[in-house]
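Undergrad: how would this look folded up:
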Amino acid sequence: MDTMGHLKETARSYKGNWYEIVVAAVAMYMQKITGNEDIVLCLPMMCRMGTSSVRVPAMVMNLLPLRIPVRPDMRLSELMKEVQLEMRRVRSHQHYRHETLRRDLRLLGEHQRLFGPQINMMPFDYGVNFAGINGTTHKLHTGPVDDLSLNIYDQRDGKGIRIDLDANADIYQKQETELHLQRMLHLLENVAKADQDVKIADIGTILPEEYVTVIDHWNHTPQELYDTSLLGMFSRQVKGTPLAAALEFDGNTLSYEALNERVNQLAHLLEQQGLGPEKFAALVLPRSEHMVIAMLAVMKTGAAYLPIDPDYPSDRIAYMLQDARPICILTNAEAQHRLPESEIPILLLDNPAICEALAAYANTDFPCKQTAAQHPAYMIYTSGSTGRPKGVVVTAEGLTNFLLSMQNRFTLDGRDRLLAVTTIAFDISALEIFLPLISGACCVVAQREVIKDPFALAQLIEENRISIMQATPSHWHALVSTHPEKIRGLHVLVGGEALAANLVGALQELDCEVTNLYGPTETTIWSTSITLQPKQTGIPSIGSPIGNTQVFILDGGLQPVPPGNEWRLVYCWQRSGTRVFQSPGFNC
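TA: So this is what the prediction gives:
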C-alpha cells in the first residue's frame, strides 16, 4: 500500500481526515527539530461559508495560527485528538483576518511572526484532460513565503500524495530545504504506519543515511592506550629528560628528576598510612608545588585523591569528607584550621616530624602500585547546582585516555610552558597539571591571589613565557579587555562556559590559537574539542569527540537528531560509563 493509502486507512481509525495526520506529522517534525513543545503552524482557510460567498469572484482566503501542544511523551492518538480539536476551533474564527490579528497582538515589526510553517491542503484536481489527451500542470510560484510552506496534493491520477515545499530563500539554503522535505516525508511514512499508542519520541525523523553519519561516522574514535598510564608516561619523561623543568611555583623550579624524588618520598609515607588501590586520600592544600606532589604520590600508591579547596565553606568540606570517607587528609598548617572535627588522620606536610620522616626516604624509588585500569584515580564532587553535590569517581584508564587524546591534539613538548590557574577541586585542573608532565613540558602553578588579579595574571603570563593556558571565557574576557598584548600568540584553551563568537574574534586578532572544549565531569573532564579556524563566524562549535568517546546529540525523547541544528541534550559515552546531561544547546 502507498503512503496515501496508509494515511487514509489510518485516518479512518482516528475518525478523521488524512490531512489531519499530515498536520500532526508537521507539528511533530517541528517539535523534534526545535525542541519547542508549543508549536504554532499556519493554516490557510477558504473563508467561503455559505452559498453566496462561494459565488463571489474574489480572493478571500485567510491565514490562521494553528497552535498545537507536542510533547515527546505524548501518544500519537493524543496528538491526533489535539490536532482535530484545534482545527475545529480555528475554523470558527476563520473570518478574523490574520492582518488584524497581527496588529492586535502588536506583531508588526521585523521578525515578528505570527506563526511558523504553513500547511496548505490543495483540494484541486490537477489531472488535465483534453479530449482524451492528458496534460501536465506545472506550478511556477505560489507567492512570497515567510518561513516554510507545504502544499499537499492528493493526486487523483493514482500517484498518491504529493508534497511541494517552498522556503524563504533569505532563511533556508536549497540543500537545507531539500533535507527538510526528505525528513518530513520520512516522518510522514512512519506516522502513517505507526500504532496509535506509540509515543511521539519513538517515531523516527532522522534519515537513514543521517543516522549512519551521526551514530557511526562521527563517533569513530578508536584510540590505542598501549597498556600505559599517567604515571607510566610521567616516568618515561623522568628518564628521558631528568633535568628539564617540570614544575614551577612562586619562583621555585623542580626538575623532572627532583619532582619524582619528592613524589616517591611522600608515596612511601602514604603507603604506611594504609593507602592503596580502591582507597582515597583527601587533599586540602593551598596552591603550591606540594599540591602537585601530593596528587602524584597518592596515585603512585594505587589510591585516588579527593581534591578539596581550602576556601570551600566548612559545611561543604565536612559533607565531602563524611561522604567519601578518605583514609587520611593531607594538608598544612595554613589550611588545617578550615577542617571540621573528624576522626580521619591528618598529615601536616609542613610539620617538622613529617618532614623528617620524608627525608628518611631520600633517593629511594617507589614502584607504582596502580595495577588495574579500573582503579580510581581521583574523585571530584560536582557543584551541587542541581541538588546535593555528588562524588564522581574517575578511573585510571579514563584519565589516561583523556590525557593521550589531549597530547595527540596539542602535541606539547619541552619548549611549552602551561600556566595552571584552576582550583584542584575542579577536574579541569587535571589537564593543567598532568598534560605538561607527560609531554616533557613545564607546569607553572599560579598563586591564588594572582589568578584573581587580571593585571598580575597578565604579568605572570609574560614573565614566565607561557605558551598555553586553559581558562573559562570569563577569565579570557578579563585579560582581553585589560592587557591584550600580554597574551598575544598564546594557545588559548576555553571551557567551563559557553564560548561567545565575539571573544573568539578578539582572541584571534591577538594571533591566539583558540581551542574550544566541552565535557561533563562524569566522562573525564573534556569529551569534545575543536581548534577554531581563523575568522570564525557564528556560534563556535564544541567540536568532535576525543579518543574512545562517543557523543550523541538527542532530542527531548532521547532520539538522535539530524545534523545542522541547535539541540538541547548531549549524551556522552566513554570507557568509564554512560550518562545523559542536560545542556543549554550546542552547535555541532
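Undergrad: Every contact and neighbour count from this point should use C-alpha atoms.
TA: Will do.
Undergrad: Report the mean confidence score over the biggest helix by length in the chain.
TA: Across the chain, the longest stretch assigned as helix under DSSP state H is helix 174-193. The average pLDDT for helix 174-193 rounds to 89.
Undergrad: Only C-alpha atoms, please: export that helix in CSV.
TA: Output of helix 174-193 as CSV, limited to C-alpha atoms (Å, rounded to 0.1, in the frame of the first residue of the first chain):
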residue,chain,number,x,y,z
LYS,A,174,18.4,24.9,-1.2
GLN,A,175,20.2,21.9,0.2
GLU,A,176,18.7,22.6,3.7
THR,A,177,15.2,22.9,2.2
GLU,A,178,15.6,19.6,0.4
LEU,A,179,16.7,17.8,3.6
HIS,A,180,13.7,19.2,5.5
LEU,A,181,11.4,17.9,2.8
GLN,A,182,13.0,14.4,2.8
ARG,A,183,12.8,14.2,6.6
MET,A,184,9.2,15.3,6.6
LEU,A,185,8.3,12.7,4.0
HIS,A,186,10.2,10.0,6.0
LEU,A,187,8.4,11.0,9.2
LEU,A,188,5.0,11.1,7.4
GLU,A,189,5.6,7.5,6.2
ASN,A,190,6.5,6.4,9.8
VAL,A,191,3.4,8.2,11.2
ALA,A,192,1.1,6.6,8.6
LYS,A,193,2.2,3.1,9.6
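Undergrad: contact partners of the helix or strand following it?
TA: Per DSSP states H and E, the first helix or strand lying C-terminal to helix 174-193 is helix 208-215. Identification of contacts with helix 208-215 by C-alpha atoms under 8 Å, 6 or more residues apart in numbering yields 552, 560, 562-563.
Undergrad: Looking at those, spot the one nearest residue 197.
TA: residue 560 (21.2 Å; C-alpha to C-alpha).
Undergrad: What is the burial count for that closest one?
TA: Per other C-alpha atoms under 10 Å, the neighbour tally for residue 560 reads 22.
Undergrad: Leaving out the residues flanking it, which one is nearest to it?
TA: Nearest non-adjacent residue to residue 560, counting by C-alpha to C-alpha, 6 or more residues apart in numbering: residue 554, 4.5 Å away.
Undergrad: what's the pLDDT at that neighbour?
TA: Listed pLDDT for residue 554 reads 84.
Undergrad: just residue 8 next, same as before
TA: 80.
Undergrad: May I have the phi/psi pair for it?
TA: Phi and psi for residue 8, reported as degrees, to the nearest 10, are phi -70, psi -40.
Undergrad: Just want to check the distance between it and residue 199.
TA: 21 Å (C-alpha to C-alpha, to the nearest Å).
Undergrad: Then residue 454?
TA: Separation of residue 454 from residue 199 (C-alpha to C-alpha) stands at 53 Å.
Undergrad: again, but for residue 212
TA: 23 Å.
Undergrad: The stretch 351-500 of the chain: strands as residue ranges?
TA: 376-381, 391-395, 417-420, 442-445, 468-471, 491-494 (DSSP state E, counting those that start in this stretch).
Undergrad: possible to save the ones you listed as JSON lines with mean pLDDT and distance to residue 263?
TA: Below are the strands of the stretch 351-500 of the chain laid out as JSON lines (pLDDT from 0 to 100; distance: least, C-alpha to C-alpha, whole Å):
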{"stretch": "strand 376-381", "mean pLDDT": "93", "distance to residue 263": "16"}
{"stretch": "strand 391-395", "mean pLDDT": "92", "distance to residue 263": "20"}
{"stretch": "strand 417-420", "mean pLDDT": "97", "distance to residue 263": "19"}
{"stretch": "strand 442-445", "mean pLDDT": "97", "distance to residue 263": "15"}
{"stretch": "strand 468-471", "mean pLDDT": "96", "distance to residue 263": "25"}
{"stretch": "strand 491-494", "mean pLDDT": "96", "distance to residue 263": "28"}
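Undergrad: And what about residue 563, helix, strand or coil?
TA: coil (DSSP: H, G, I helix; E, B strand; the rest coil).
Undergrad: Can you give me the buried ones in stretch 501-517?
TA: Within stretch 501-517, the residues scored as buried using 16 or more other C-alpha atoms under 10 Å are 503-508, 510, 512-517.
Undergrad: so where is the stretch 251-400 of the chain shaky, pLDDT-wise?
TA: Scanning the stretch 251-400 of the chain with the threshold set as pLDDT under 70 gives 370-371, 385-386.
Undergrad: So the closest residue to residue 363 other than its chain neighbours: helix, strand or coil?
TA: Once flanking residues are discounted, residue 363 sits nearest to residue 261: 6.5 Å by C-alpha to C-alpha, 6+ apart. Assigned with three-state DSSP, residue 261 falls in the helix class.
Undergrad: and residue 261, how far is that from residue 367?
TA: Taking C-alpha to C-alpha as the measure, residue 261 falls 12 Å from residue 367.
Undergrad: which of these two has more neighbours?
TA: residue 261 (20 against 11).
Undergrad: I'd say residue 560 and residue 206 touch.
TA: Yes - if you go by C-alpha atoms under 8 Å, residue 560 and residue 206 touch, sitting 7.2 Å apart.
Undergrad: got any ranges where the stretch 101-250 of the chain has weak pLDDT?
TA: 109-111, 123-127, 141-142, 155-160.
Undergrad: now the strands for it?
TA: Ranges of strands in the stretch 101-250 of the chain, per DSSP E, counting those that start in this stretch, are 118-122, 128-130, 133-135, 148-155, 160-167, 245-249.
Undergrad: out of these, which comes closest to residue 343?
TA: Residue 343 lies closest, by C-alpha to C-alpha, to one member of the strands of the stretch 101-250 of the chain: strand 245-249, at 32.3 Å.
Undergrad: strands paired with the closest one, and their directions?
TA: strand 252-255 (antiparallel), strand 442-445 (parallel) (DSSP bridges).
Undergrad: Please identify the deepest-packed of these.
TA: Counting by mean count of other C-alpha atoms under 10 Å, strand 442-445 has the highest mean neighbour count of the strands paired with strand 245-249, with a mean of 27.
Undergrad: got the contact list for it?
TA: 245-250, 287-289, 414, 416-421, 432-433, 436-437.
Undergrad: And for stretch 68-79?
TA: The contact list for stretch 68-79 (C-alpha under 8 Å, 6+ apart) reads 14, 24, 27-28, 31, 37-41, 82-83, 86, 195-201, 556-557.
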